[in-house]
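*Asks:* Predicted structure and sequence below. I'll ask about it afterward.
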Amino acid sequence: MTYPVFAKAISAIEADTAVLVQDYPAAEIDSSKVYYRNDAMAFARASKEQGLPAIICATLPENMDLDTRQLLITNGVAPMQGIHEALNAIRDSADWNQARSRILSEKPEYLLPSYPSGEQKVMPENDSKRWLINHNFNVPKGKTVSPHKLGEAAIEVGYPVALKMISPRLVHKTEAGAVVLNLKDEEVLKLAVEKMRIDVTAYDADAASELFLVEAMSPNPVAELIINLRQDPQFGAALVLGSGGVLVELMADTATLLLPTSPADIIRALKSLRVRRLLEGFRGRPAVDIPKVAEEIYKLCIAYQDHGKTITEIEINPLFVYRDTVSAIDALIQVPVDK
């Protein structure tokens, strides 16, 4: 008897999807499940006649049993176990459909091939940043020097400065005590060097080095991003971008694009992140020129594509984002090991 109700309601509304919320009673509670199933079949029929995707959603996962799920699938209805899951599925389906339409209309370039990955090594941060500078990507002003030239270097780049020990074994400098920020004069710089030597030696004696990077402290950014360009073994070259800084793993706020990409795709990816609220101006803070930021990231993608056989991975974290520019505060580049 519910078919006419479903048919009339679905035909009266210009909807894209039909959703029915049903919680099926467990067999040990009562024997009324047959009536719920009858309603489900009426809903399936009415949705099919109107050409709408049909979803039946239980409010809780345990309120839809396996037999019922299989019955719904057989009749062309998507069973969803939980309202949250159903809404996510609808959103993701809509996003997929929009992306498909956009891709078909824009006729994008063919994806880059996946190169076999062998043994890799990490370039020291100073060399990584030199590579970025050579490809017109902004990094803080800095100098790489031996200990006895630290004072001169700090004066040249301008106090306050950041001090980093440079070594192939110091991939994660913070954990090793190999980075100190906001040093305001030569006296505290000397103290920082001595403490750094002690801390790094305690962390890994083989990582201790007599080479240091002195950088000018960067102004506080509007937002921090992480940028990663790498070879995925299945899909080929990919760009991962997301919320960066010390909270990158906690936030887990990322988007992935396959290469080649475009500034427009990068803009869409940035706006899909939770950090977009900072980029767009949060609580009176200045908004970022997102198209300009996207152009800078796109420029890096092109450089990576042009050197895909000699550069296996680029990671920048954090990437400081300002109103109309960006700066790579920490950067690591991986290259193939020469055989």
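*Replies:* Thanks, I have it. Residues are numbered from 1 along each chain as shown.

*Asks:* mind listing the strands for the stretch 201-339 of the chain?
*Replies:* Taking DSSP state E, counting those that start in this stretch as the criterion, the stretch 201-339 of the chain contains strands spanning 212-216, 223-232, 236-243, 254-258, 313-321, 326-328, 331-336.

*Asks:* And the fourth one, what does it pack against?
*Replies:* Which is strand 254-258. Based on contacts counted as 3 or more C-beta pairs under 8 Å, 6 or more residues apart in numbering; DSSP states H and E, the elements that strand 254-258 packs against are strand 236-243, helix 263-271. Using the backbone N, CA and C atoms, a C-beta is placed for each residue, glycine as well.

*Asks:* right, and these - which one's nearest residue 16?
*Replies:* helix 263-271 (20.8 Å; C-beta to C-beta).

*Asks:* Residue 20 is in contact with residue 43, correct?
*Replies:* Yes: using C-beta atoms under 8 Å, residue 43 is in contact with residue 20, at 4.8 Å.

*Asks:* Look up how far residue 237 lies from residue 111.
*Replies:* 8 Å (C-beta to C-beta, to the nearest Å).

*Asks:* neighbour-wise, which of the two wins?
*Replies:* Counted by other C-beta atoms under 10 Å, residue 111 and residue 237 do not tie: residue 237 has more neighbours, with 22 against 14.

*Asks:* which residues does the more buried one contact?
*Replies:* Residues near residue 237 by C-beta atoms under 8 Å, 6 or more residues apart in numbering: 111, 112, 114, 229, 230, 231, 258, 259, 304, 305, 308.

*Asks:* ok so, going back, list just the one of the helices and strands packed on strand 254-258 that sits closest to residue 294.
*Replies:* helix 263-271 (4.1 Å).

*Asks:* Any idea what the nearest residue to residue 213 once chain neighbours are set aside is bridged to?
*Replies:* In this structure, residue 213 finds its nearest non-sequential neighbour in residue 164, 4.4 Å apart by C-beta to C-beta, 6 or more residues apart in numbering. On the basis of DSSP bridges, residue 164 is bridged to residue 179, residue 213.

*Asks:* about what we covered before: for residue 43 and residue 20, list the residues in contact with both.
*Replies:* Listed as contacting both residue 43 and residue 20 by C-beta under 8 Å, 6+ apart are 6, 54, 56.

*Asks:* what sits against the nearest residue to the second one once chain neighbours are set aside?
*Replies:* Right, the one you point to is residue 54. Nearest residue to residue 54, sequence neighbours excluded (C-beta to C-beta, 6+ apart): residue 47, at 3.7 Å. Taking C-beta under 8 Å, 6+ apart, we find residue 47 in contact with 6, 10, 18, 53, 54, 77.

*Asks:* Which helix or strand contains residue 15?
*Replies:* Assigned by DSSP states H and E, residue 15 falls within no helix or strand.

*Asks:* I'd like the distance between it and residue 226.
*Replies:* Distance of residue 15 to residue 226, given as C-beta to C-beta: 39 Å.

*Asks:* neighbour-wise, which of those two wins?
*Replies:* Remark: of residue 15 and residue 226, residue 226 carries more neighbours, 22 against 14, as counted by other C-beta under 10 Å.

*Asks:* Contacts only, for the more buried one.
*Replies:* So residue 226 contacts 240-245, 248, 254, 315-319 (C-beta under 8 Å, 6+ apart).

*Asks:* Any idea which of the residues you listed the model trusts least?
*Replies:* Lowest in pLDDT among the contacts of residue 226 is residue 248, which has 73.

*Asks:* what's the closest of the contacts of residue 226 to residue 219?
*Replies:* Nearest member of those to residue 219, counting by C-beta to C-beta, is residue 318, at 13.2 Å.
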